[in-house]
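**Q** Sequence and predicted model, in that order:
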Amino acid sequence: MWNLLLLAVAPSALQLPAELPLVCDQLARRALREGGVPGLSLAIAAEGRVVLERAYGFADPVAGLGMQNDTRLPLGSLERPLLASLVLAAQAEERLKLDDPLSKVLKDCPEAWKELRLEQILAGTSGLTSTSDLVRALAARGADDPLDRAGFLQLAGGLPLAFTPGTRQVHDSIGWRLVPWILADAFGEPMDKLILTQLCSVAELEHTGACPDELRPVGHARDCRELDTGLERQLFVAAEPRELRMGLCSTPGDVLRWWNAVVDERLPAQRIRSSSRFLDGKPTGHGLGLSIETLGGEPRWLHDGGIGGFRASFGASASSGAAVCVLATCASAPTGQIEEELERFCAGLPPLTDLRLPVDAARAQDWVGDYQLGTTQVKLFFRDDALVYQSPSEELALSWQGLGRFRSGELELQLQPAQGRAEGFAERRKGAESRARRL
């Protein structure tokens, strides 16, 4: 089961590949067919617009509820860059500053945390302990009644720092659990309301909101850490103050609308895309809630996470000008791999896996024919739903990778031009390249 929404966009300098919907289908259906993923949804944005949204499989296979483009799923840690953008919006309104000590922006701040800076909390360099350590502390407490804010901060503040602040960067830190309180203190609104007033209204999000833990949908986890730990996770949820259990639920399209609002500065949050720095001045390679890598020699921003049996991945690259978000109802879903493959495809880069896109006779007519490769004549013809390469010494069924690329074992062909009728191709084997022209 799949659902498609392909939005029309005005002609622009950025032209996404025509085969992009085929690649989306192939990657998603492979995850459902081979990975046992019940359902997933994805979206792609370019030049400030969400240009493609697709949904596959089931949101709830037991109830027969199909995944739709507007099916909301928990973002898990992918909510972090969204929350960081709200902190930066508060800074733009002079409600707080990234350089502020935690004691200035968090009421009832534990004594041991008072000199930590807000930016260190968002950058993962604060030294605050891991979520796993907090779970163990809550489990050792032996009570299932929720702590109030003061009790939670007293318990968490008594845990030792994992490292000297500003000397390391980690993804798993209890610092992010403090951000809802910091935002509520800054704006004077509870988390669920400020998401609507400060985020959804500004970024024009249609399906995003703070969702209490007990109202979130149940994921289909096979390897989810939170569910594998069983009782520990239940104690963690039960003991946390309710306002810390208001995680964001959203859709891939809304995540990309948020990103577009960051890029076009409707949200004053450009800082999340810049690397933070250690105490010695060296870059951490991470923004605020985002990792920073490169793709095609240009910056790439990404986040990969999950919670409670769900998986969420986001990526955007300067090389393609596109952004991708993938959400799934299974903790083991390869959302990060799907997201990266789509980013690479939008950037015109070779795939990391064998895409094996479907080929039909009508499409193959642009490629079939006789070609001269050096002193050898070779033929491309269509047979059994595949393009076949034939030379005097071999006959190979080719796997289509999109963008005029084909492969079979060590043989790679790049048709030229990549779109329309091929007039020739580049052949690569074991690092050697030869060129052929159509006869």
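**A** Arrived safely.

**Q** what about the helices in the stretch 201-350 of the chain?
**A** Read by DSSP state H, counting those that start in this stretch, the stretch 201-350 of the chain holds these helices, from start to end of the chain: 201-203, 225-228, 231-239, 252-263, 335-346.

**Q** What are the contacting residues of the first one?
**A** Counting contacts by C-beta atoms under 8 Å, 6 or more residues apart in numbering, the residues outside helix 201-203 that touch it are 89, 257-258, 260-261, 266-267. In short, each C-beta sits where N, CA and C put it, glycine included.

**Q** if we go to 6 Å?
**A** Around helix 201-203, the neighbours that count as contacts under C-beta atoms under 6 Å, 6 or more residues apart in numbering are 257-258, 261, 266-267.

**Q** Domains of this structure: list them as residue ranges, please.
**A** The chain is divided into the following domains under automatic domain parsing: 76-346, 361-438.

**Q** Reformat those domains as TSV; add mean neighbour count and mean pLDDT.
**A** Output for the domains of the chain, formatted as TSV (neighbours: other C-beta atoms under 10 Å; pLDDT from 0 to 100):
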stretch	mean neighbour count	mean pLDDT
domain 76-346	19	88
domain 361-438	15	95
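
**Q** Out of those domains, flag the one nearest residue 29.
**A** Using C-beta to C-beta as the criterion, the shortest distance between residue 29 and the domains of the chain is 10.9 Å, found for domain 76-346.

**Q** quick one on the thing from earlier: now distance to residue 20 too, for the domains of the chain, in JSON lines please.
**A** As requested, those are arranged in JSON lines below (distance: least, C-beta to C-beta, whole Å):
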{"stretch": "domain 76-346", "distance to residue 20": "7"}
{"stretch": "domain 361-438", "distance to residue 20": "8"}
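
**Q** And the residue nearest to residue 42 when sequence neighbours are not counted, how far from residue 337?
**A** What sits nearest to residue 42 in space, not counting adjacent residues and going by C-beta to C-beta, 6 or more residues apart in numbering, is residue 326, at 4.5 Å. When distances are taken as C-beta to C-beta, to the nearest Å, residue 326 and residue 337 turn out to be 9 Å apart.

**Q** rewinding a little: tell me the one among the contacts of helix 201-203 nearest to residue 147.
**A** When these are compared for distance to residue 147, the smallest value, 30.9 Å, is given by residue 258; criterion: C-beta to C-beta.

**Q** give me every residue that touches the closest one.
**A** Taking C-beta under 6 Å, 6+ apart as the criterion, residue 258 is in contact with 82, 203.

**Q** residue boundaries of the strands in the stretch 1-150 of the chain?
**A** Along the stretch 1-150 of the chain, counting by DSSP state E, counting those that start in this stretch, strands occupy 2-6, 39-46, 49-60, 65-66, 73-74.

**Q** swap in the stretch 251-400 of the chain?
**A** Secondary structure of the stretch 251-400 of the chain, counting by DSSP E, counting those that start in this stretch: strands at 291-295, 298-307, 310-317, 322-328, 369-373, 376-383, 386-391, 394-402.

**Q** among those, which is nearest residue 421?
**A** Distances from residue 421 to each of the strands of the stretch 251-400 of the chain were compared using C-beta to C-beta; the minimum, 8.9 Å, belongs to strand 369-373.

**Q** Name the strands paired with the closest one and say parallel or antiparallel.
**A** strand 376-383 (antiparallel), strand 432-438 (antiparallel) (DSSP bridges).

**Q** Look up the closest residue to residue 57, ignoring the ones flanking it.
**A** The spatial neighbour of residue 57 that comes closest, neighbours along the chain excluded (C-beta to C-beta, 6+ apart), is residue 39 at 3.3 Å.

**Q** ok, now which ones touch that neighbour?
**A** Neighbouring residues of residue 39 by C-beta under 6 Å, 6+ apart: 57-59, 67, 329.

**Q** how near is it to residue 79?
**A** Distance check for residue 39 against residue 79: by C-beta to C-beta, it reads 20 Å.

**Q** One more: residue 204?
**A** When C-beta to C-beta is applied, the distance between residue 204 and residue 79 equals 18 Å.

**Q** Check residue 256 too.
**A** As defined by C-beta to C-beta, residue 256 lies at a distance of 15 Å from residue 79.

**Q** re earlier: between the domains of the chain, which gets nearest to residue 46?
**A** With distances scored as C-beta to C-beta, the stretch of these nearest to residue 46 is domain 76-346 (4.7 Å).

**Q** mind listing what residue 83 touches?
**A** Under the criterion of C-beta under 6 Å, 6+ apart, the neighbours of residue 83 are residue 179.

**Q** what's the answer for residue 384, then?
**A** Not one residue lies near residue 384 by C-beta under 6 Å, 6+ apart.

**Q** and if we set it to 8 Å?
**A** Residues counted as contacts of residue 384 (C-beta under 8 Å, 6+ apart) are residue 397.

**Q** Likewise for the one 4 residues further on?
**A** By C-beta under 8 Å, 6+ apart, the contact set of residue 388 is 380-382, 395-398.

**Q** partners of residue 436 in the sheet?
**A** The partner list for residue 436 in beta bridges (DSSP bridges) reads residue 373, residue 425.

**Q** Just give the number of residues close to residue 44.
**A** Per other C-beta atoms under 10 Å, the neighbour tally for residue 44 reads 28.
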